[in-house]
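>>> Task: produce atomic coordinates for the following.
(2 chains)
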Amino acid sequence: METKPAMTCIICPMGCRLELTVKDGAVVGVEGNGCARGPKYAAAEFVAPRRTLTTTVRLTGAAEGDRLLPVRTRDPIPKEKLFEAMAETAKITAKAPVRRGDVLAADFIEAGNALIACKTVE
Amino acid sequence: MSENGKNNSKMELLEKKLIVIGSGPAGMAAAIRANDCGIAASDILIIERDRQLGGILTQCIHAGFGLKMFGEELTGPEYAGRFIDEVRKRGIGAVCDSMVLSLSADRTLSFVSPATGFVRAKAGAVVIAAGCRERSRGALNIPGSRPAGIFSAGTAQRFVNIEGYMPGHRVVILGSGDIGLIMARRLTLEGAKVERVVELMPFSSGLRRNIAQCLEDFGIPLMLSHTVTRIHGAERVEGVTISAVDEQRRPIAGTEEYIACDTLLLSVGLIPENELTKGAGIPMDRVTGGAIVDENRETLTEGIFACGNVLHVHDLVDYVTEESYLAGEAAAACIRGERSRPKKVIGTKAADGVRYVLPQRLNLPLEKDVDLYMRVGEVRKNVKLTLYADGEAVKKFPRRIVTPGEMERITLNAALREAVNGASQISVGITED
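Numbers count the residues shown, from 1 in each chain, chains lettered A, B, ... in the order given. As a prediction, the model looks like this:
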């Protein structure tokens, strides 16, 4: 049986409305994409959606008094692990000085990924 | 300034070749480009009212910035960080915790800070990059008493991302622009329950990807063509009443629904922050809310430039950076006395369906590509943005979709220059074909 679910591609601000053709649980066709990244996104999103998490962690020792440090997952993590990832970040306290790109937690949520600092703080 | 750093005398004037008001992406790009164009780093002063450089990007911790500029999707702090590093590396003068109080047409200004006290300054050129502010509840006239728990979305963002406070736990958001959508996700991730996002218009002005990532991902309902008609609660918000609205956006009796909540976020529009611009008597554009400028982002007051959200509210920081490079380059040329006199200055106009075109003035003859930026008044599909020279259609730019929430751009390139340079007026309108 064939189904035709729709989804919004989130790769770039265009937000193309994609129409997928799904057969036996797999994406067999994609329409409505504005570029070649669309079908790849649709296939991955349908089977295993991923999201970049951006949040803040506690920060100590900042010269200018910043209490929080903005952080991000270096790579997108499985969408269903967003709240688990938030709970993990709540356990982290960063210490100034920190450089943009510094790894705060290696193998974050999954091997090879990382939680990194988004800001340089003296 | 005297050696002890204090401005001892009323008569003493701080003189700089270039003063930039604001250190967000606009101010920093203008300062960096002016430095590229030969203005020494020590001759430039960026005046920032916040305690650190970066402007609004510092609190925009989400990703999505820089796709056009860097080919990457950076978070706000990462995007700002590249420019902050550059300002620091070059030794471009910058003061923080410093509020500009006044600006005059002769390019004198005054600012105040705890470190320096009251300072009067004079610049060879000024770039106004002061950004924008949010529309408030007062401007919306929502009835009710004044309970705690009502915030503009940007204020809530500052509390959560910079100060480390949750504004509340059970939230309704009025306005589905990007700031409201982003905060719906942020608050949900931090443990709040976002009950509803309510949008007055029949469409959302936010990016479709934000509807997907911020609302659909978390099962947060979006109600279009609805608004908040009452706020309940005396000391603290206890709930809101929402109603459906008709085509004239008036509430429809009998459609009221009560939603219990302790927090209402307002994401209902951004207004360029132009008190300083108006105080200097610089002519303004009522539609953009910012100054009237030419292709170099110079206002109608010589030597004063404007760029970024203070000029017109942008959607993409990449366009802010590009625009601000133009302003910085032109400010440098102005300071160095390197500008040529235009043969003719013409106006650009918004025609059918287009709300504004910027820049509003063009110095002819154009000798390089000039981008025209614009916004439309309503959502239209499969149309053309048509460029007219003296009423004659010169070029049609096809668009699959145009929407008020997404700024459009067309380029006056070499092929169009002859037509533009011979015209007395340029306009852009939407046509079906």
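>>> Enumerate the residues of the stretch 151-300 of chain B near chain A.
Neighbours of chain A within the stretch 151-300 of chain B, by Cβ under 8 Å from any Cβ of the partner chain: B:160-164, B:189-190, B:207-209, B:211-213, B:216-217. Backbone N, C-alpha and C define where each C-beta goes, glycine included.
>>> Go through the residues you listed and say which is closest to A:Ala94.
Checking those against A:Ala94 with Cβ to Cβ, the nearest one is B:Gly164 at 13.0 Å.
>>> Can you report how many residues neighbour the closest one?
Residues within reach of B:Gly164, counting by other Cβ atoms under 10 Å in any protein chain shown, total 13.
>>> Would you map the helices across chain A?
Counting by DSSP state H, chain A has helices at residues A:37-47, A:82-89.
>>> a markdown table please, covering those helices and showing mean pLDDT, mean neighbour count and distance to chain B.
Converted to a markdown table, these look like this (pLDDT from 0 to 100; neighbours: other Cβ atoms under 10 Å in any protein chain shown; distance: least, Cβ to the nearest Cβ, whole Å):
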| stretch | mean pLDDT | mean neighbour count | distance to chain B |
| --- | --- | --- | --- |
| helix A:37-47 | 89 | 17 | 10 |
| helix A:82-89 | 98 | 16 | 5 |
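>>> hang on, isn't B:Leu103 packed against B:Lys278?
No: judged on Cβ atoms under 8 Å, B:Leu103 makes no contact with B:Lys278 at a distance of 9.5 Å.
>>> Counting neighbours, go ahead and name the busier of these two.
Set B:Leu103 next to B:Lys278 and count neighbours by other Cβ under 10 Å: B:Leu103 wins out with 28 against 12.
>>> Quick check: that one vs B:Gly303, distance?
For B:Leu103, the distance to B:Gly303 (Cβ to Cβ, to the nearest Å) stands at 11 Å.
>>> now A:Arg99: how far from chain B?
Separation of A:Arg99 from chain B (Cβ to the nearest Cβ, to the nearest Å) stands at 10 Å.
>>> What residues of stretch B:123-134 count as buried?
B:123-132, B:134 (16 or more other Cβ atoms under 10 Å in any protein chain shown).
>>> Residues contacting stretch B:325-340, please?
Stretch B:325-340 is contacted by residues B:17-18, B:26, B:29-39, B:124-127, B:129, B:295-298, B:302-303, B:305-307 when judged by Cβ atoms under 8 Å, 6 or more residues apart in numbering or on different chains.
>>> Just these: which are in helices?
Filtering the contacts of stretch B:325-340 for helices - DSSP H - leaves B:26, B:29-36.
>>> can you pick the most crowded of those residues?
The residue in the ones in helices among the contacts of stretch B:325-340 with the most neighbours, by other Cβ under 10 Å, is B:Ala30 (36 neighbours).
>>> Now the residue lying closest to it once chain neighbours are set aside: phi and psi?
In space, and not counting its chain neighbours, B:Ala30 is closest to B:Gly328: 3.7 Å by Cβ to Cβ, 6 or more residues apart in numbering or on different chains. The phi/psi pair for B:Gly328 (degrees, to the nearest 10) reads phi -60, psi -40.
>>> and B:Gly328, how many neighbours?
Other residues lying near B:Gly328 total 32 when counted by other Cβ under 10 Å.
>>> how about the residues of chain A near chain B?
Applying Cβ under 8 Å from any Cβ, one finds that chain A approaches chain B through A:7-15, A:17, A:51-56, A:58, A:64-68, A:70, A:72, A:79, A:82-83, A:86, A:100, A:118-120.
>>> Would you confirm that B:Thr348 contacts B:Arg361?
Yes: contact criterion Cβ under 8 Å: B:Thr348 and B:Arg361 qualify, at 7.3 Å.
>>> contacting residues for B:Gly377?
B:Gly377 is in contact with B:353-355, B:404, counting by Cβ under 8 Å, 6+ apart.
>>> And B:Ile173, by the same measure?
B:153, B:180, B:183-184, B:194, B:196-198, B:264-265, B:267.
>>> what does the stretch 301-433 of chain B put close to chain A?
B:315-316, B:406.
>>> ok, those vs B:Ala94, which is closest?
Each of these was scored against B:Ala94 by Cβ to Cβ, and B:Leu316 proved nearest at 24.7 Å.
>>> can you pull out the strands in the stretch 301-433 of chain B?
Remark: strands assigned in the stretch 301-433 of chain B by DSSP state E, counting those that start in this stretch are B:304-306, B:344-350, B:354-358, B:361-364, B:370-376, B:380-389, B:392-402, B:408-412, B:425-431.
>>> Deepest-packed of these, please.
Of those, the one with the most neighbours on average (mean count of other Cβ atoms under 10 Å in any protein chain shown) is strand B:304-306, at a mean of 29.
>>> Dump the ones in helices among the contacts of stretch B:325-340 into JSON lines; add distance to B:Asp390 as well.
Below are the ones in helices among the contacts of stretch B:325-340 laid out as JSON lines (distance: Cβ to Cβ, whole Å):
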{"residue": "B:Ala26", "distance to B:Asp390": "33"}
{"residue": "B:Ala29", "distance to B:Asp390": "34"}
{"residue": "B:Ala30", "distance to B:Asp390": "33"}
{"residue": "B:Ala31", "distance to B:Asp390": "38"}
{"residue": "B:Ile32", "distance to B:Asp390": "38"}
{"residue": "B:Arg33", "distance to B:Asp390": "34"}
{"residue": "B:Ala34", "distance to B:Asp390": "35"}
{"residue": "B:Asn35", "distance to B:Asp390": "40"}
{"residue": "B:Asp36", "distance to B:Asp390": "37"}
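>>> ok, of the residues you listed, which one's closest to chain A?
Of all these, chain A sits closest to B:Ile32, with 17.1 Å by Cβ to the nearest Cβ.
>>> That closest one and B:Lys89 touch, don't they?
No: counting by Cβ under 8 Å, B:Ile32 stays clear of B:Lys89, with 9.9 Å between them.
>>> Mind giving me the ChimeraX command for buried ones among the residues of chain A next to chain B?
Applying 16+ other Cβ under 10 Å to the residues of chain A next to chain B leaves a buried subset, and the ChimeraX line that selects it is:
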select /A:7,8,9,10,11,12,13,14,15,17,51,52,53,54,55,56,66,68,70,72,82,100,118,119,120
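>>> Now go through the residues of chain A next to chain B and say which are in strands.
Among these, the residues falling in strands (DSSP state E) are A:7-8, A:17, A:51, A:54-56, A:58, A:68, A:70, A:72.
>>> Quick test: name the residue nearest the centre of chain B.
In chain B, the residue lying closest to the centroid (Cα atoms, centre = their mean) is B:Asn309, at 2.2 Å.
>>> For the closest residue to chain A within chain B, what are phi and psi?
Nearest residue of chain B to chain A: B:Arg208, at 2.9 Å (Cβ to the nearest Cβ). When read as degrees, to the nearest 10, the backbone of B:Arg208 gives phi -60, psi -30.
>>> Compare the strands of the stretch 301-433 of chain B and give me the one nearest B:Ala80.
Evaluated over those, closeness to B:Ala80 peaks at strand B:304-306, with 19.8 Å, by Cβ to Cβ.
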